[in-house]
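Trainee: This is a predicted model, with the sequence first.
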Amino acid sequence: MGLFAKSKPPKIVATLLRPGERVMGWGLGPEQLDGQPTVVVCSNVAFHAPGYTEAILWEDIARANWDDPILEIAAIVEGKPRFTRVNLDQPGAVPDVVYERVTATIVTQQHVMLDGDKGARLVARRPVGSDQIRWNVIFDSGVNAADPKLRAIADDKLRQFRESAGV
């Protein structure tokens, strides 16, 4: 059970969700520079952090890191990187829900080396409520994803992994 399991979420929580979404966890942080409260909501479909980012679907999150009180989310939304860093001094169940929801979308994954100590993670993910599999290449920090040589190697390794994974 999260920190807020017995308390009611702030009214803003309900306004952040789209029809059909259910609250799975929420947390609070210090007031933002514009005076608005920091409220983070995890639904069954997406991560919501108004004032920091638009809603991010769980299957779009490439990495998440919780280092109390900071939650960092790295996502790829419509082919573009999106980085979000939120201070949650009252995190509630948010760190646990983020971990569980992101992990739940992963069907299989494999880390591969591309050139020496440079690598990438190959990931098959199933979007929430879908039977289709979406494949991603997530390059390690410091790897130039625009390098055509590394991209070609990654694409070839992804092709091999897809053929061997059976999904």
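Mentor: Noted; the coordinates are in hand. Numbers count the residues shown, from 1 in each chain.
Trainee: Would you quantify the distance from the residue most central in space within the chain to Arg82?
Mentor: With distances taken as Cα atoms, centre = their mean, the residue of the chain nearest its centroid is Ile61 (2.3 Å). Counting by Cβ to Cβ, to the nearest Å, the gap from Ile61 to Arg82 is 9 Å. For glycine as for every other residue, the C-beta is placed from the backbone atoms N, C-alpha and C.
Trainee: intersection of neighbour lists for the two?
Mentor: Ile73, Ala74, Ala75 (Cβ atoms under 8 Å, 6 or more residues apart in numbering).
Trainee: I'd like these laid out as JSON lines, including secondary structure, neighbour count and distance to Val45.
Mentor: Below are the shared contacts of Ile61 and Arg82 laid out as JSON lines (DSSP: H, G, I helix; E, B strand; the rest coil; neighbours: other Cβ atoms under 10 Å; distance: Cβ to Cβ, whole Å):
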{"residue": "Ile73", "secondary structure": "strand", "neighbour count": "23", "distance to Val45": "15"}
{"residue": "Ala74", "secondary structure": "strand", "neighbour count": "16", "distance to Val45": "19"}
{"residue": "Ala75", "secondary structure": "strand", "neighbour count": "21", "distance to Val45": "14"}
